[in-house]
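Visitor: How does the following fold in three dimensions:
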Amino acid sequence: PLHLQKKLTRARLEEMIKDLIDRTMDIVKKALEDAKLSPQDINDIVLVGGSTRIPLVQQRIKEFFGKEPHKGVNPDEVVAVGAAIQAGVLSGEVKEILLVDVTPLSLGVETYGGVMTVLIPRNTPIPYRKCEVFTTAADFQTEVEIHVLQGERPLAKDNKSLGKFYLTGIPPAPRGVPKIEVCFDIDADGILHVTAKDMGTGKEQSIRIQPSSGLTQEEIEKMVKEAEAHAEEDRRKKELIETKNQLDQLTYNLEKIIKENKDKLPEDQVREAQEVIESAKKVIQESENIEEIKSTMDRVLQVSSKIGAHLYETTGKQTGGGKEGGDDVVDAKPVD
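Guide: The predicted model follows:
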């Protein structure tokens, strides 16, 4: 047999494992971030595994948390004890301890503009159920697509598609009127049941998705790292889409007011509103400049406010609320 005998200094060992410790500390930071905690919120740090005996590991933990790690457990034995307890849980002999699983990635649906709206965040303990109410994006829409996604990126196209289904038979109505309740129900085995229900008619459709959808631990970690690497870029893209969506809704509301009240408005206000509406639609379709979109949004709001004020004054005069004379007006006074 061949043997290798070589002197390895502590400094050389620490140099060799530095990148591994850095990666470990990244995981620690991510765990705190997911739990929405800071290092100061942690009471004790228990080190698990023989490698945590390395002085550099303990030093990095102390520097990060600002306190010494807990020394009350044997880092070698604790792994074996944990495995024995879990074996007892699985065999049914241990009932007072439960190991709770969590969702490895966020789960959600695609919404208007290609955004992923999260219903179950990453690391949520299961079983878990969450429902949210959505609506239609177009007038007289009679069906909606429910696109189920998994991942950490804000845009649907950058996440993993788990499945699609359609809810049909929605009574035609202006956009924003129908109420569609979407429920995510994930059981203890990680099986996801997604249900969409039209709250007006009671019609319902659903889909069943197997746990993890075939993703390996390496693929899950890769998706998380990609989300972190593209965080700033994704934030800008999402802000752009959401700002466009806001402008689109404001433009739709203004156009609806003009259609319903055209005979009650001066021609110059109608003309101005129509010009602003056309300009806004063009910006929504073509612009990628968020400042231009926000500026157009301000313009739509100004015109909407002007038209709203005119309609309010007109209605007040018609009902007698606008008669002249201030003698009947009494200032409100606070009552002790």
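
Visitor: CA only for contacts and neighbour counts going forward, please
Guide: Fine.

Visitor: Give me the buried stretch members for the helix or strand containing residue 243, please.
Guide: Here residue 243 sits within helix 231-261, counting by DSSP states H and E. Under the neighbour-count criterion of 16 or more other Cα atoms under 10 Å, helix 231-261 has 234, 237-238, 240-244, 247-251, 254-255, 257-258 buried.

Visitor: Now do the contacts for the residue nearest to residue 157 when sequence neighbours are not counted.
Guide: Counting by Cα to Cα, 6 or more residues apart in numbering, residue 157 lies nearest to residue 114, which is 7.2 Å off, once chain neighbours are set aside. When contacts are counted by Cα atoms under 8 Å, 6 or more residues apart in numbering, residue 114 touches 155, 156, 157.

Visitor: circling back: mind listing what's buried along whichever helix or strand comes after the helix holding residue 243?
Guide: With elements assigned by DSSP H and E, the helix or strand that comes after helix 231-261 is helix 267-286. Residues of helix 267-286 classed as buried by neighbour count (16+ other Cα under 10 Å): 269, 270, 273, 274, 276, 277, 280, 281, 283, 284.

Visitor: How about the secondary structure of residue 74?
Guide: What DSSP: H, G, I helix; E, B strand; the rest coil gives for residue 74 is coil.

Visitor: when you give positions from now on, start the count at 37
Guide: New numbering, starting at 37: the last item is residue 110.

Visitor: and the helix or strand hosting residue 347, how far out from the chain's middle?
Guide: Following DSSP H and E, one finds residue 347 within helix 326-354. The chain centre lies 31 Å from the centre of helix 326-354; the measure is Cα atoms, centre = their mean, to the nearest Å.

Visitor: can you tell me the average pLDDT over that helix?
Guide: Mean pLDDT, helix 326-354: 89.

Visitor: Now it: buried residues?
Guide: 326, 329, 330, 332, 333, 335, 336, 337, 339, 340, 343, 346.

Visitor: CSV for those, including distance to residue 48?
Guide: Shown next, in CSV, are the buried residues of helix 326-354 (distance: Cα to Cα, whole Å):
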residue, distance to residue 48
326, 52
329, 56
330, 56
332, 61
333, 61
335, 65
336, 66
337, 65
339, 70
340, 70
343, 75
346, 79
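
Visitor: Sort out which one of those residues lies nearest residue 117 for me.
Guide: residue 326 (55.9 Å; Cα to Cα).

Visitor: The helix holding residue 279 to helix 303-322, inter-axis angle?
Guide: In terms of direction (axes from the mean of the first three to the mean of the last three Cα atoms, to 10 degrees), helix 267-297 departs from helix 303-322 by 150 degrees.

Visitor: still on that earlier bit, in TSV, list the contacts of residue 150 along with pLDDT, secondary structure and neighbour count.
Guide: Supplementary listing: those in TSV, determined by pLDDT from 0 to 100; DSSP: H, G, I helix; E, B strand; the rest coil; neighbours: other Cα atoms under 10 Å:
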residue	pLDDT	secondary structure	neighbour count
191	95	strand	20
192	95	helix	23
193	95	helix	13
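
Visitor: now the residues you listed as TSV including distance to residue 231?
Guide: TSV is the format used below for those (distance: Cα to Cα, whole Å):
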residue	distance to residue 231
191	22
192	19
193	22
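
Visitor: Tell me how far residue 244 lies from residue 168.
Guide: The gap separating residue 244 from residue 168 is 18 Å, by Cα to Cα, to the nearest Å.

Visitor: For the helix or strand hosting residue 63, name the packing helices and strands.
Guide: Residue 63 is part of helix 46-70 when elements are defined by DSSP H and E. Applying 3 or more Cα pairs under 8 Å, 6 or more residues apart in numbering; DSSP states H and E, we find helix 46-70 packed against no helix or strand.
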